[in-house]
Each structure stands twice: as structure tokens, then as C-alpha cells.
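Engineer: Got a sequence here, can you build the structure:
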Amino acid sequence: FLNALRDSFPKAEIHWIIAKGFEGLLEGHPMINKLWIINKDEWKRVKGAGTTIKELRSLFKSLKAEKYDIVILSSILHEAKEPVLMLKKAANVLNSQGIVYINVPNALSLHRRIGVAMGTLKSQYDFSERDKKFLHERNYDLVSLEKEVKGAGLKIEHKGGYFIKPLSNSQMKEWDDSLV
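Structural biologist: Next up, the predicted model:
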């Protein structure tokens, strides 16, 4: 992903927000100019609400000072308590020509349809054990995602799908490394 981003925007300054505990994946990466580390899992805990509010205000204040060409919300919107607010905050840190790129898991995906057919999910919108583990708040289809994007006052320039995943993560986890 970073290679494609750098190829498309060779002079771009790339900032990346990453959840605490995963920063080791990107720290010191030569294509990333600034790494913002957030305590996302703590933010969802009621006990840490006061600290969370302070951290979020500080983060958004720092981000807003930057003014970005593109904000990428990759696999995060479905975890947000208030996704429309998150989209509005993303729009607020853009320059006048900036765009927000969003990708989310698809509730109508092939592997979720198979899950319903196999009886491991009651409906495609139900939460799997993995969804619950990762604190998902919702499962989007294109209609529900479009509604929230428009609700945030954003204009949709392009939409589509590109990921085919015929098996669940737990099924793939059991595979031998030689198959992956």
C-alpha cells in the first residue's frame, strides 16, 4: 500500500495513525514522515473516558493544524462509536481539494454470505466472534456506508469493491504457512 501511495504521490509527506501496540510495524519506515500512535482500545473503555476525551481533542487539534491532501480511513469506521462525527473530523483536516478515502469490511461479502449459509452467522449484519473481539460497532453495506458519508456532508467521487475472501479468518489461520 505504501509503495502504491508513494508511486502515485512521490513528493507526499505521509503521516500514519496507528493503534498502540502495532507501532512497531511502521516505526522507522522510510516512507512515513510522521507516525501518530493512539490508544484506540483504551478509548472504548468507560473508565478512561476523561483521558480519552483529552487525547482525542489533542489529536484532532494537531491534525487540523496540518491540512492534508488525503485522509485514509482504512478499516476503522466500523469501529467508531460515532462514524458520522469521525467523517466530519476527517473532512476538517483536509485542504480545500482534499479527499477522504474509506474502506470497510462489507456486510454483503462472499465470506459473510457463506457464514449465513453455514449457520455460523444468523445474518450478514450479525457480529462474528472476531467482530466482537475487535470491538466492531457495525457491519456496513454500500447503502449504509453511503448514508453516513452523505450524513457527514461529504460527496462520493468513486465507490467500488475489490476484496474477495471466500473463507473466514479462523479457517485461514489453520492453514499451513506454505499455502499462504
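Engineer: Flag every buried residue along the helix or strand Leu87 falls within.
Structural biologist: Per DSSP states H and E, Leu87 falls inside helix 83-92. Within helix 83-92, the residues scored as buried using 16 or more other C-beta atoms under 10 Å are 83-84, 86-87, 89-90. Where you see a C-beta, it was placed from the backbone N, CA and C, and this is true even at glycine.
Engineer: Closest one to Ile76 out of the residues you listed, please.
Structural biologist: Met86 (7.7 Å; C-beta to C-beta).
Engineer: residues contacting Leu85?
Structural biologist: Contact analysis of Leu85 by C-beta atoms under 8 Å, 6 or more residues apart in numbering lists Ala152.
Engineer: For Leu2, see how far away it is.
Structural biologist: Note on Leu85: its distance to Leu2, by C-beta to C-beta, to the nearest Å, is 28 Å.
Engineer: Where does Met31 sit: helix, strand or coil?
Structural biologist: The three-state label given to Met31 by DSSP: H, G, I helix; E, B strand; the rest coil is coil.
Engineer: My guess is it contacts His15. True?
Structural biologist: No: under the criterion of C-beta atoms under 8 Å, Met31 makes no contact with His15, lying 11.2 Å away.
Engineer: circling back to that earlier point, export the buried residues of helix 83-92 to a markdown table and append columns for pLDDT.
Structural biologist: Formatted as a markdown table, these follow (pLDDT from 0 to 100):
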| residue | pLDDT |
| --- | --- |
| Pro83 | 93 |
| Val84 | 95 |
| Met86 | 90 |
| Leu87 | 94 |
| Lys89 | 89 |
| Ala90 | 90 |
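Engineer: What is the nearest of these to Lys61?
Structural biologist: Nearest to Lys61, judged by C-beta to C-beta, of the buried residues of helix 83-92 is Lys89 at 10.8 Å.
Engineer: so that closest one touches Phe60, yeah?
Structural biologist: Yes: the criterion here is C-beta under 8 Å, and Lys89 meets it with Phe60 at 5.7 Å.
Engineer: and after the helix or strand hosting Arg112, which helix or strand comes next?
Structural biologist: Secondary structure from DSSP H and E places Arg112 in helix 110-118. Remark: after helix 110-118, the chain's next helix or strand is helix 129-133, criterion DSSP H and E.
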